[in-house]
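Undergrad: 3D, please:
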Amino acid sequence: MVTSIFLVVLLGYLTYLIIQPFLNAIAWAVVFSIVLYPVYAFILRYVRFKVISSAVTLLILILLILGPFTYLSFILTDEVGNFIESINQGTTGSIKDIFTNPKLMKLVSKIQSYMGVEAIDIGNIITENIKKIGMGITNSLSNWISNIARMILDFIFMLFAVFFLLKDGPGFLSRIRDYLPFAEEDKNRLISKIKDTIISTVFGGVVVAIIQGILGGIAFYFLGLKSPVLWGAAMSIMSFLPLLGTFSIWGPACGYLFIQGNYGKGIVLLLFGFLI
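TA: Predicted coordinates for the structure are as follows:
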C-alpha cells in the first residue's frame, strides 16, 4: 500500500515537472476553450465533424489574436521608439517648461511655504523619472525580444491544446467528474461555478480593459496627445489596478492639458475619464 502511494506521488511529481514549462499555455488553453466552446458548438451544429468544427474555431481564435496583436505591435514599436528617442535627445525640456509656468510656480511656492518645505525642482525630478521609465521600457523590450522564441512555442502549444480541448472537452470533463469525490449535484454546481468565474473574469475584466484602452487611445488621438496607442495600451494594463486604475494615465494627461492652457481639451478628457 505504502509503495503504491509512493509510486503515485512520484509519477505525479514527474508529470508535473514535464508539463511545468507549459502550465501557462495550458491555463490559457482552458480559458479560451471555455470561452469559445459556444462558437464551436454552433459550428458543429452545421458541420457535424468535430475536427473541422474545432479547426474553424481555432482559426477564428488565431485571427482574433494575431490580427490586432500584429497591428498593435508595429504601432507600439514605432511609438515606444519615438518616446525613447525623445528622451535620449533631451526633448523632455518641454516638461521643465511646464513646471516653470508662472502660475504653477506661484501655486507650488505657496504650498511649499504653507507646509514649511524647502524649494524642490519638480521639473528636474519629473524629467529624471521619465528617463528612468524610458530605460525601463528599453530593458523590457529587450527581454521581450529575447523571450520571443519561447512565446511562439507557448502560443503553438496553446493552439494545439485548444484544438483538442474543444474536440474532446466533454469526454475529458466527464472523466474528471468521475474522480471528484462529491455528489452529482455538487459536481454540477462546482463545474458551473468554475465556468461562470472564468467567463466573468474574461468578459468582466480582460474585455473591459481592452475596451477602455481602445477608447482611451481614441480620446488621446483626437485630443492631439502624442503616442495614443502607447497610452491606450497602458490604460488597458492599469485598469486592473484597484483604486487608481485608468486614472493613473488620463489624470496626469488632464493636468498636462490644463497647465498648457488647453482647458477645453482638459475638461473633455476629464469627463471622458470619469465616464470610462
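Undergrad: Below-threshold pLDDT in the protein: ranges please.
TA: 1-2, 4-6, 8, 79-146 (pLDDT under 70).
Undergrad: and it, what are its domains?
TA: Residue ranges for the domains of the chain, per automatic domain parsing: 22-179, 184-276.
Undergrad: Okay, now the shortest one: how far is its last residue from its first?
TA: Looking back up the chat, that one is domain 184-276. End-to-end distance of domain 184-276 (C-alpha to C-alpha, to the nearest Å): 43 Å.
Undergrad: can you give me the offset of it from its chain's centre?
TA: Remark: domain 184-276 is offset 10 Å from the chain centroid, using C-alpha atoms, centre = their mean, to the nearest Å.
Undergrad: Also stretch 149-168?
TA: 20 Å.
Undergrad: what does the helix or strand in which I211 is found rub up against?
TA: When elements are assigned from DSSP states H and E, I211 belongs to helix 207-222. By C-beta atoms under 8 Å, 6 or more residues apart in numbering, the residues outside helix 207-222 that reach it are 227-229, 231-237, 239-240, 246, 249-250, 253, 268-269, 272, 276. (Each C-beta comes from the backbone N, C-alpha and C, glycine too.)
Undergrad: CA atoms only: put it into PDB for me.
TA: The C-alpha coordinates for helix 207-222 follow below in PDB (Å, rounded to 0.1, in the frame of the first residue of the first chain):
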ATOM      1  CA  VAL A 207     -12.600  42.600 -22.400                       C
ATOM      2  CA  VAL A 208     -13.500  45.700 -20.400                       C
ATOM      3  CA  ALA A 209      -9.800  46.500 -20.000                       C
ATOM      4  CA  ILE A 210      -9.300  46.200 -23.800                       C
ATOM      5  CA  ILE A 211     -12.300  48.400 -24.500                       C
ATOM      6  CA  GLN A 212     -11.100  51.000 -22.000                       C
ATOM      7  CA  GLY A 213      -7.700  51.000 -23.700                       C
ATOM      8  CA  ILE A 214      -9.200  51.400 -27.200                       C
ATOM      9  CA  LEU A 215     -11.400  54.300 -26.100                       C
ATOM     10  CA  GLY A 216      -8.600  55.900 -24.200                       C
ATOM     11  CA  GLY A 217      -6.300  55.700 -27.200                       C
ATOM     12  CA  ILE A 218      -9.000  57.200 -29.500                       C
ATOM     13  CA  ALA A 219      -9.500  60.000 -27.000                       C
ATOM     14  CA  PHE A 220      -5.800  60.800 -26.800                       C
ATOM     15  CA  TYR A 221      -5.600  60.800 -30.600                       C
ATOM     16  CA  PHE A 222      -8.400  63.200 -31.100                       C
END
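Undergrad: angle of the helix or strand just after it against helix 207-222?
TA: Counting by DSSP H and E, the next helix or strand C-terminal to helix 207-222 is helix 228-238. Put simply, helix 228-238 runs at 150 degrees to helix 207-222, going by axes from the mean of the first three to the mean of the last three C-alpha atoms, to 10 degrees.
Undergrad: What is the burial count for Y13?
TA: Residues near Y13, counting by other C-beta atoms under 10 Å, number 10.
Undergrad: For the residue sitting nearest the centre point of the chain, give its distance to T77.
TA: Closest to where the C-alpha atoms of the chain average out (C-alpha atoms, centre = their mean) is I237, at 4.6 Å. I237 sits 17 Å away from T77 when distances are taken as C-beta to C-beta, to the nearest Å.
Undergrad: Check L10 too.
TA: On the measure of C-beta to C-beta, L10 and T77 end up 47 Å apart.
Undergrad: re the thing from before, give me the buried entries from the contacts of helix 207-222.
TA: 227-229, 231-236, 239, 246, 249-250, 253, 268-269, 272, 276 (16 or more other C-beta atoms under 10 Å).
Undergrad: Among the domains of the chain, single out whichever gets nearest to T3.
TA: domain 22-179 (21.8 Å; C-beta to C-beta).
Undergrad: The lengthiest helix in the chain packs against which elements?
TA: Scanning the chain for the helix with the most residues, using DSSP state H, yields helix 50-88. Counting contacts by 3 or more C-beta pairs under 8 Å, 6 or more residues apart in numbering; DSSP states H and E, helix 50-88 packs against helix 23-47, helix 122-146, helix 148-179, helix 228-238.
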